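Student: Structural data only, the sequence is not supplied:
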């Protein structure tokens, strides 16, 4: 079964600084990988996804992530953080479930705190 | 992307009672899922809601506690039965359609059991 590890529970950055959130996965085949963001009291919003092809994927809100098979990683990056980026970030890995769709497994999340 | 409406958005319930959460999608979807997010925790899959048949439950979740219905391709309900304070969580409906597609989430139902 697949699993996802987000080693950082909390990350604190200053506004305008760069950001990297770590994600490592365990999955036998080529995974489907996702990053979601959850603002306080909200549901989850998809930031970006990797299915195949170019290993550097661009997402919404200026985020990007790079799939590195050799490291089993899918780290999320942003060159300059805004105060509105403060939220919970979840990495997820998908598998092929019954019916041809997938069922994502989520990491425990990383809470991003942005200082002015 | 699918638009998912989840009701209620929050509720405070007495222990021993049951609450039914509704999930309505604006388009037909192949798969519907229900997740639980306990305070400060990640998302845990409860079950996959199957149209016209019994839901597929994950380890640790049973139909008697979390009965699920899915009468068509756009609607599902999750009932939290005989609630206890340990059931206080956010319950999230999620949908996906087709192979290699992302999952979309409703806004969640914040349940507090007192």
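Tutor: Received the coordinates, thanks. Small disclaimer: the values here were computed from a predicted structure and weren't measured.
Student: Would you mind listing what in chain B touches chain A?
Tutor: Listed as neighbours of chain A in chain B under the rule Cβ under 8 Å from any Cβ of the partner chain: B:4, B:6, B:30-31, B:33, B:41-43, B:45, B:48, B:56, B:92, B:96-108, B:110. Using the backbone N, CA and C atoms, a C-beta is placed for each residue, glycine as well.
Student: let's go with 6 Å and repeat that
Tutor: B:30-31, B:42-43, B:96, B:99-100, B:102-103, B:105-108 (Cβ under 6 Å from any Cβ of the partner chain).
Student: Write the ChimeraX selection for whichever of those are buried.
Tutor: The ChimeraX command for the buried members of the residues of chain B next to chain A (criterion: 16 or more other Cβ atoms under 10 Å in any protein chain shown) is given here:
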select /B:30,31,42,43,96,102,103,105,106,107,108
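Student: among the residues of chain B next to chain A, which are in strands?
Tutor: B:31, B:43, B:96, B:105 (DSSP state E).
Student: Would you mind measuring from the residue nearest the centre of chain B to residue A:45?
Tutor: Nearest to the mean C-alpha position of chain B, by Cα atoms, centre = their mean, lies residue B:34 at 3.3 Å. Computed as Cβ to Cβ, to the nearest Å, the residue B:34 to residue A:45 distance reads 19 Å.
Student: Number of residues surrounding residue A:45?
Tutor: Residue A:45 is flanked by 16 other residues according to other Cβ atoms under 10 Å in any protein chain shown.
Student: Appreciated, that's everything.
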